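Engineer: curious how this folds, go ahead:
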Amino acid sequence: MPSPSARAAQLTQSAEAGESRGPGGGFSPRARLVLWTIVLTLPVVAFVLMHLGGQLPLHSVLLAIALLAAGLWTTELIDPAATGVLVIALLATCIGLPAGLGAPWASVVAPGGKPISGVGTVLASLSSDVMLLMWGSLVLGRASLVTALSERIALVILKPFASSPTMLAAGLLISSALLSMWMTNTASAAIVLAVAAPIVTRRDPLARAAVLAIASGCNLGAVASPVGTPPTAMATQQLRELGTGVTFTQWLLFGLPFACALLIGAFITIKLLIPMPRRWDESITNPLINEHTHSTHHAGSHTNKHAITLTAIVFIACVLLWILGSSHGIPPGVVALSAASVLIVTGIVSISDLRSLQWDVLLLIFAGLCLGEMLDRTGLARLAVQASSLHTLSPAIMVGSLALIAMVLSAFMSNTAVAALLLPAALSIILAAAPRPTDTGLFSSETSAALFRSAFAVAMGAASAMPLAVSTPANALCFSSGAARSRDFLILGTVVGLIGIGLCVALELIP
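Structural biologist: Numbers count the residues shown, from 1 in each chain. Next up, the predicted model:
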């Protein structure tokens, strides 16, 4: 029988292979033809209308690229990562290259925008802190998986909760959330599902509750940390680029209580949705304890002990340096890069492990950052917001609407793509109504706080959207166990979404 770590690796690979619906998005040939016609026609029409309306040529080209990206990301006619590569190529060739060759139209931006000097400007996000941060966190997650460190952590957390069905569900929720704060929710779900396999395979109310608890923990726990999910990392990066000075610790201090509130709401919903057995048979958890013993024996060799110890030391040091970032000034991305280099040089993470990283996720993040940077740098995002009058809405309605839109879109498409499309608009809404930066070049504390809450609303909405069984890879993994129904995810995801939107609105209403 394979160990939990082996099962986790298998589950992770299967989830990564099936994260998207693949080319065609599951549509019939006729539907695909119609969708392709719409997706390709809309950018052309927008370009022509912008040009005839006397808009800047640069804005016309950029809007066409953004609409093409939105259409492909929404329909998934091709893989989201493939769309990301296309977006990067179009931005570099249609905007960066002409600007570098001195084409006048490619360097004229709206008032308040920043000039584009060439391809290097368009692709500058590749060396951004968030790219290093996400790559390093993927390497850390891979190291914790191959050494079974994450499996051990999950088992240690679960052991005190094995006294009753309700406590066991709470333990699964907490362990999933804690893991998802520091590694991808796909890997977190695979690890906890593998550890809890003796429970999940029972096909009873406890298994149903366990699966929903794991899915909730993996999706909602990621909101607490800038490295938990791409939307939070992208939000942090864009806030830093604006000069708000948001740090890893500041996000953690705001995101952790918010995530805890969502987790509590999810747990109460699960408890009300699924009646737990009143009688508790301790033999139910015996297989889990036996798995713990097997895992400990399996990782008991001298080499494994050293690998686990070193991985744990690197992980703890990395987290501490992230949290204490304001005191030592080392960017989080550099910390993650250094930690990853230690794990690679020592052989804990092999070259084959590096090949198995989620490079498609990194490509998608890179594309989103490039597109967001161009929308902001050219001033197109701010012009679109001013034309729509969204900045005239009350802060509470505006933030609640952003969270709702992000949740609805992320239920059907990649949450990274949603963040890429919505974050520039969300920040531009605040900037359109915000006072000019002070003489020091910094925004006022009120403006910085408003920018943070808007970005957080989008990131939270994109990351916590879980109403469908296929909304996230974690949902898909948990649903594939067969222990829960689509209706369960719909009810749980809707309730959690309403709680998240309500919290965002409430925070705006608090003086």
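
Engineer: got any ranges where the stretch 351-500 of the chain has weak pLDDT?
Structural biologist: Across the stretch 351-500 of the chain, the ranges flagged by pLDDT under 70 are 386, 388-391, 434-442.

Engineer: make it 90
Structural biologist: Where the stretch 351-500 of the chain drops to pLDDT under 90, the residues are 353, 356-395, 398, 408-450, 464-487, 489.

Engineer: okay, helices next: where are they in it?
Structural biologist: Secondary structure of the stretch 351-500 of the chain by DSSP state H, counting those that start in this stretch: the helices cover 351-355, 359-377, 380-388, 395-410, 415-433, 445-464, 473-480, 486-509.

Engineer: the last one - contacts with which helices or strands?
Structural biologist: What it means is helix 486-509. Where contact means 3 or more Cβ pairs under 8 Å, 6 or more residues apart in numbering; DSSP states H and E, helix 486-509 is packed against helix 205-221, helix 248-273, helix 395-410, helix 445-464, helix 473-480. C-beta coordinates here come from the backbone N, C-alpha and C atoms, glycine included.

Engineer: and the contacts of it?
Structural biologist: Identification of contacts with helix 486-509 by Cβ atoms under 8 Å, 6 or more residues apart in numbering yields 208, 212, 215-216, 220, 258, 261-262, 265-266, 269-270, 273-274, 395-397, 399-400, 402-404, 407, 411, 453, 456-457, 460-461, 464-469, 471, 475, 479.

Engineer: if we can go back for a sec, out of the helices of the stretch 351-500 of the chain, deepest packed?
Structural biologist: Comparing those by mean neighbour count (mean count of other Cβ atoms under 10 Å), helix 415-433 comes out on top with a mean of 26.

Engineer: now it and helix 395-410, what's the angle there?
Structural biologist: 160 degrees (axes from the mean of the first three to the mean of the last three Cα atoms, to 10 degrees).

Engineer: how many other residues sit next to residue 319?
Structural biologist: Residues near residue 319, counting by other Cβ atoms under 10 Å, number 19.

Engineer: hey, C-alpha coordinates of stretch 364-378 in PDB?
Structural biologist: These are the backbone C-alpha positions of stretch 364-378, laid out as PDB (Å, rounded to 0.1, in the frame of the first residue of the first chain):
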ATOM      1  CA  LEU A 364       0.000  32.800 -15.800                       C
ATOM      2  CA  ILE A 365       1.200  35.000 -12.900                       C
ATOM      3  CA  PHE A 366       3.800  36.600 -15.200                       C
ATOM      4  CA  ALA A 367       1.200  37.300 -17.900                       C
ATOM      5  CA  GLY A 368      -1.100  38.800 -15.400                       C
ATOM      6  CA  LEU A 369       1.600  41.100 -13.900                       C
ATOM      7  CA  CYS A 370       2.700  42.200 -17.400                       C
ATOM      8  CA  LEU A 371      -0.900  43.000 -18.400                       C
ATOM      9  CA  GLY A 372      -1.700  44.700 -15.200                       C
ATOM     10  CA  GLU A 373       1.500  46.800 -15.400                       C
ATOM     11  CA  MET A 374       0.700  47.900 -18.900                       C
ATOM     12  CA  LEU A 375      -2.900  48.800 -18.000                       C
ATOM     13  CA  ASP A 376      -1.500  51.000 -15.100                       C
ATOM     14  CA  ARG A 377       1.500  52.400 -16.900                       C
ATOM     15  CA  THR A 378      -0.400  53.600 -19.900                       C
END
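
Engineer: starting at the chain centroid, how far to that stretch?
Structural biologist: 16 Å (Cα atoms, centre = their mean, to the nearest Å).

Engineer: could you do stretch 383-401 as well?
Structural biologist: Taking Cα atoms, centre = their mean, the mean C-alpha location of stretch 383-401 is offset from the chain mean by 24 Å.

Engineer: how close does residue 239 get to residue 400?
Structural biologist: 20 Å (Cβ to Cβ, to the nearest Å).

Engineer: got the helices and strands packed on helix 486-509 as JSON lines, with distance to residue 199 columns?
Structural biologist: Compiled in JSON lines, the helices and strands packed on helix 486-509 are given as follows (distance: least, Cβ to Cβ, whole Å):
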{"stretch": "helix 205-221", "distance to residue 199": "5"}
{"stretch": "helix 248-273", "distance to residue 199": "14"}
{"stretch": "helix 395-410", "distance to residue 199": "29"}
{"stretch": "helix 445-464", "distance to residue 199": "24"}
{"stretch": "helix 473-480", "distance to residue 199": "13"}
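
Engineer: between those, which one is nearest to residue 115?
Structural biologist: Taking Cβ to Cβ, helix 445-464 is the member of the helices and strands packed on helix 486-509 nearest to residue 115, at 23.1 Å.

Engineer: please name every helix or strand in contact with the closest one.
Structural biologist: Helix 445-464 sits against helix 205-221, helix 230-241, helix 248-273, helix 395-410, helix 415-433, helix 486-509, with contacts defined as 3+ Cβ pairs under 8 Å, 6+ apart.

Engineer: 6 Å instead?
Structural biologist: Packing partners of helix 445-464 (3 or more Cβ pairs under 6 Å, 6 or more residues apart in numbering; DSSP states H and E): helix 230-241, helix 395-410, helix 415-433, helix 486-509.

Engineer: now do it: distance to the chain's middle.
Structural biologist: Distance of helix 445-464 from the chain centroid (Cα atoms, centre = their mean) equals 14 Å.

Engineer: and the angle from that helix to helix 230-241?
Structural biologist: Using the same axes, to 10 degrees, helix 445-464 lies at 160 degrees relative to helix 230-241.

Engineer: residues in contact with helix 445-464?
Structural biologist: 219-220, 222-223, 229, 231-232, 235, 239, 244, 399, 402-403, 406-407, 410, 415, 418-419, 422-423, 426-427, 430, 434, 500, 504 (Cβ atoms under 6 Å, 6 or more residues apart in numbering).

Engineer: can I get that helix in CSV, CA atoms only?
Structural biologist: Extracted C-alpha coordinates of helix 445-464, given in CSV (Å, rounded to 0.1, in the frame of the first residue of the first chain):
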residue,chain,number,x,y,z
SER,A,445,-2.6,56.8,5.2
GLU,A,446,-6.3,56.9,4.2
THR,A,447,-5.5,56.4,0.6
SER,A,448,-3.0,53.6,1.3
ALA,A,449,-5.6,51.9,3.5
ALA,A,450,-8.3,52.2,0.8
LEU,A,451,-5.9,50.8,-1.9
PHE,A,452,-5.1,47.9,0.4
ARG,A,453,-8.8,47.1,1.1
SER,A,454,-9.7,47.2,-2.6
ALA,A,455,-6.8,44.9,-3.6
PHE,A,456,-7.6,42.6,-0.7
ALA,A,457,-11.3,42.4,-1.7
VAL,A,458,-10.3,41.3,-5.2
ALA,A,459,-7.7,38.8,-4.0
MET,A,460,-10.0,37.4,-1.4
GLY,A,461,-12.9,37.1,-3.8
ALA,A,462,-10.7,35.4,-6.4
ALA,A,463,-9.0,33.0,-4.0
SER,A,464,-12.0,32.0,-1.9
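
Engineer: ok, now which ones touch the nearest residue to residue 206 once chain neighbours are set aside?
Structural biologist: Nearest residue to residue 206, sequence neighbours excluded (Cβ to Cβ, 6 or more residues apart in numbering): residue 165, at 5.1 Å. Going by Cβ under 6 Å, 6+ apart, residue 165 touches 206, 276-277.

Engineer: how far away is residue 165 from residue 99?
Structural biologist: 62 Å.

Engineer: same check, this time on residue 323
Structural biologist: Counting by Cβ to Cβ - residue 323 and residue 99 are separated by 40 Å.
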